[in-house]
Each structure stands twice: as C-alpha cells, then as structure tokens.
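Enquirer: What follows is a predicted structure for the sequence shown.
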Amino acid sequence: MPDLLPLFLTAFLYAGLGAYSWRGLWLEKNTATAPQAWEKPAILVPLLLHIWLLLQLIVQPDGIKLGVGQAVSAIAWLTVLVYWLGSLRNNLEGLQGFVLPFAAISLAAPSLFPATHTLLHTEEALFKVHLFIAILAYSLFTIAAMHALLMAVAERRLHSKALSPLSTLLQRLPPLLTMEHLLFRILWAGFTLLTLTLLSGMLFSEELFGKALQLSHKTIFAIISWGIYAALLGGRLRYGWRGRIAIRWTLSGFMALLLAYIGSKFVLEIILGR
C-alpha cells in the first residue's frame, strides 16, 4: 500500500477542485464567473500524484498486479488526463465537476478491492500494448458517458421552464449541437481503440493459446459493447441519429463495457475469490 499522506492529499485536491468547479450552482443566476486561469494547471498536481500512487500499487517486485480496484483507479486517472487534454481545445467545463470527484473516489478502490494475483504474460510486448489500449478505450467511453449524461440534463432543461440548481452551469455550456458533435468525436476515438483492443486480444490469444477467440464473459460483453457502438456510429452516418437516441445508445454501450471488464473482474476476484 502507498503512503496515506499522498493518498489523502491527492483525494483532497481532486475533491477540492471538483467542488470549486460546482461553485456556480450555489451562486445567483447569471453571477457565475468564468473558470480561473489557475484551474487547469492545478489539475496536473493531483494527476501526477495519482500516477505515482498507481505505479506503486500496480508494479510490484513479483510482477504486475491489476485487480478491479487498481483498474478502476487507472481508468479514473486516464479519464482525468483525457479530460484535461481535451479541455485545452474544447469547452468541457461542465465535465470537471463529474470527472474530478470520480477520480477522488477511485483512490479508495485499491484498498477496498486489493489485487490478490499477479498478471500472467506481462513480459509480452503485445499484452502490454493490449492492456494500455483497453484502459485508454475505457477512459474515453467514461468521458463519453459523462458527456452524454450532461447532454441529457441540458436537453431536459431546454424543454422545462422551471429553474433548477443546474441552470447557471447549463448556461455556460456550449450549444447542444456543439456538445453532440464533440460526443461523436469522443465515440469515434473510443470505438477505434475498442476495435484495436479486440484485435490485439485476438492476436495475443492466437499467439499464446492457438485460439483467436476465447468466449469468456469478458469477451462476450466486449463484443456486445462494440456492436452497440458500431450500430450507433453507423446510424449516425446513415440516418443522422442524434439527441436522445445517441445518449441512450452511448450509455447502453458503456454499461456493456463495464460488465465486460470491471463486472467480470469483480465477480471473479471479489465474489468467487479467483
């Protein structure tokens, strides 16, 4: 286990920056200020502390340990990194209040669900590539799911005349069409990486076991998720799918992806103890 001081410091910084981003929710209408110049550089501090903590947990003397707790924390770290990089060019202000608290909570996951087994075949270069692409794909789809939820709230707000605590935040968001365009850019990137994840997994399986596809629960749900996202992106190209259809399919694909890796890992490690 890493030292508790940097762990608590990282969680405090994530939570503090996340809470600060929600400050407009408690301000009077139209009095919320624009993000401060220091906010984006400040996120780098917990990001660097987080990856340092992760490396201590995952890279062990006897090999690489990546249980469900470490996986959740790693996905959260990459999610924040992807958000931070994307925010340099796009208006992603509304996501900061979701992404940073998620990262703060994820820091407790390795302690709640510690890894008990060392990963096999980590010396294989193809396996390392496969693992990195998979976690990056998860992170992009996590961003997409949060973005879709924010779009759903914004769309409902447009059709309601009643004021809500989210009114100030929603007024600072870009137009729904812009948000939708950004959502599909994230989905295309995630879908490309998910496709590479499945292909590299098949190549690795073929090289190691002589069988390109092993029909485990993880593989089945990953293929289901891939099919959902393929249908959504195909529907977008052919029929111009958008709005609530895009949001529902995005969240459905994300749920299948959660069941593919995090869900199957939780059942095997926590429930079955394997």
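Expert: The structure has been received and is ready for your questions. On a predicted model such as this, the values are computed, not experimentally measured, just so you know. Numbering: from 1, shown residues only.
Enquirer: Sticking with residue 151, tell me its helix or strand.
Expert: helix 125-158 (DSSP states H and E).
Enquirer: Please identify the buried residues of that helix?
Expert: 127, 130-131, 133-152, 154-155, 157 (16 or more other CB atoms under 10 Å). All C-beta atoms are positioned from the backbone trio N, CA, C, and that covers glycine.
Enquirer: helices or strands up against that helix?
Expert: helix 68-87, helix 93-106, helix 167-171, helix 176-209, helix 243-258 (3 or more CB pairs under 8 Å, 6 or more residues apart in numbering; DSSP states H and E).
Enquirer: Can you report how many residues lie near the residue lying closest to residue 12 once chain neighbours are set aside?
Expert: In this structure, residue 12 finds its nearest non-sequential neighbour in residue 104, 8.0 Å apart by CB to CB, 6 or more residues apart in numbering. Residues near residue 104, counting by other CB atoms under 10 Å, number 23.
Enquirer: And residue 104, how close does it get to residue 84?
Expert: According to CB to CB, to the nearest Å, residue 104 and residue 84 sit 15 Å apart.
Enquirer: and what of residue 93?
Expert: 12 Å.
Enquirer: With residue 139 instead?
Expert: 12 Å.
Enquirer: can you check residue 124 too?
Expert: Taken as CB to CB, the span from residue 124 to residue 84 is 31 Å.
Enquirer: how about residue 60, phi and psi?
Expert: The phi and psi values for residue 60, taken as degrees, to the nearest 10, are phi -110, psi 160.
Enquirer: On the pLDDT front, check it for me.
Expert: pLDDT recorded at residue 60 is 76.
Enquirer: for residue 254, same thing?
Expert: pLDDT, residue 254: 95.
Enquirer: Quick check: it touching residue 143?
Expert: No. Counting by CB atoms under 8 Å, residue 143 is not a contact partner of residue 254; they are 10.1 Å apart.
Enquirer: mind checking how far stretch 62-70 is from the chain centre?
Expert: 18 Å (CA atoms, centre = their mean, to the nearest Å).
Enquirer: and it, how far apart are its ends?
Expert: Distance across stretch 62-70, first residue to last, is 16 Å (CA to CA, to the nearest Å).
Enquirer: So residue 90 is in contact with residue 181, correct?
Expert: No. Assessed by CB under 8 Å, residue 90 is found out of contact with residue 181, at 9.8 Å.
Enquirer: out of these two, which sits in the more crowded spot?
Expert: Under the criterion of other CB under 10 Å, the comparison of residue 90 against residue 181 puts residue 90 first, with 17 against 13.
Enquirer: Give me the number of neighbouring residues for the nearest residue to that one once chain neighbours are set aside.
Expert: Nearest residue to residue 90, sequence neighbours excluded (CB to CB, 6+ apart): residue 182, at 5.8 Å. By other CB under 10 Å, the residues close to residue 182 number 19.
Enquirer: and what of residue 89?
Expert: 7.
Enquirer: what does the one 10 residues further on give?
Expert: Taking other CB under 10 Å as the neighbour definition, residue 99 ends up with a count of 26.
Enquirer: which residue sits closest to it, ignoring its sequence neighbours?
Expert: residue 83 (4.8 Å).
Enquirer: any idea how far the one you found lies from residue 182?
Expert: Remark: distance between residue 83 and residue 182 (CB to CB) = 12 Å.
Enquirer: do the same with residue 38
Expert: Residue 38 is 24 Å from residue 182, by CB to CB.
Enquirer: lowest-confidence helix or strand of this protein?
Expert: helix 264-266 (a mean of 57; mean pLDDT, DSSP states H and E).
Enquirer: Nice, that's everything, thank you.
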